[in-house]
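Visitor: I'd like to go over a predicted model; first the sequence, then the structure.
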Amino acid sequence: MNTIKPVMERHHEHCDMLFADAEHAADEGDWQACGAQLARFIDAMETHFRAEEELLFPAFEQSTGMSGGPTEVMRTEHRQMRDLFASLTAAVATMSGDDYFGASDTLAILMEQHNRKEEGVLYPMCDDRIDDRERLAEQLRQQVGAAA
């Protein structure tokens, strides 16, 4: 049986690896590589956010009747992460390690907390409450790509 949680957890892991690659390049002072890795990471995260915001969250909200609950918290955190993506991109452009690692440390904490809430609470709720979860899991897998 296909379920939502493993698909989205695997994509979290993929995004985490891309984030670590960008941090490694920044730590080495290789701003060109950092910029390329950061772009890959941001692209993967935006793909993940779109899958949730366009497919998963609406399906959960329709199935549960909850629109201001956990999905609204996740959307707010997505906006916060997008702001940090912009800070990281600006830090790469100016080759500022201090700015990069300040934003990156904040993002790492936010992502860890965010992923824990999704993996421990929201995704299991989605698997429990969404009737057509197998079809949705396949749609999510197609949208987030081979990493899932």
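Guide: All right, it came through fine.

Visitor: now the residue positioned nearest the centre of the chain, nearest residue through space, not along the chain?
Guide: When the chain is reduced to its mean C-alpha position, the closest residue under C-alpha atoms, centre = their mean turns out to be Met45, at 4.4 Å. Nearest-residue entry for Met45: Cys15, 5.5 Å, with adjacent residues in sequence omitted and distances by C-beta to C-beta, 6 or more residues apart in numbering. Every C-beta, even on glycine, is put in place using the N, C-alpha and C of the backbone.

Visitor: Could you report the separation of the one you found from His78?
Guide: Distance of Cys15 to His78, given as C-beta to C-beta, to the nearest Å: 12 Å.

Visitor: picking that back up, buried ones in the strand or helix carrying the residue nearest to the centre of the chain, by neighbour count?
Guide: Secondary-structure assignment from DSSP states H and E places Met45 in helix 31-50. By neighbour count on 16 or more other C-beta atoms under 10 Å, the buried set for helix 31-50 is Trp31, Cys34, Gly35, Gln37, Leu38, Phe41, Ile42, Ala44, Met45, Thr47, His48, Phe49.

Visitor: same thing with stretch 92-101?
Guide: Buried residues in stretch 92-101 (16+ other C-beta under 10 Å): Val92, Asp99, Tyr100, Phe101.

Visitor: so how far is Ala93 from the last one?
Guide: The reference is to Phe101. Distance, Phe101 to Ala93, using C-beta to C-beta: 15 Å.

Visitor: And Gly68, its phi and psi?
Guide: In terms of degrees, to the nearest 10, the main-chain angles of Gly68 are phi -110, psi 10.

Visitor: Quick check: pLDDT value at Ala148.
Guide: The score at Ala148 is 48. That number is its pLDDT.

Visitor: Let me know how buried Ile109 is, in neighbour terms.
Guide: 10 (other C-beta atoms under 10 Å).

Visitor: The host helix or strand of it - contacts with which helices or strands?
Guide: For Ile109, the element it lies in under DSSP H and E is helix 97-117. If you count contacts as 3 or more C-beta pairs under 8 Å, 6 or more residues apart in numbering; DSSP states H and E, helix 97-117 packs onto helix 4-27, helix 70-94.
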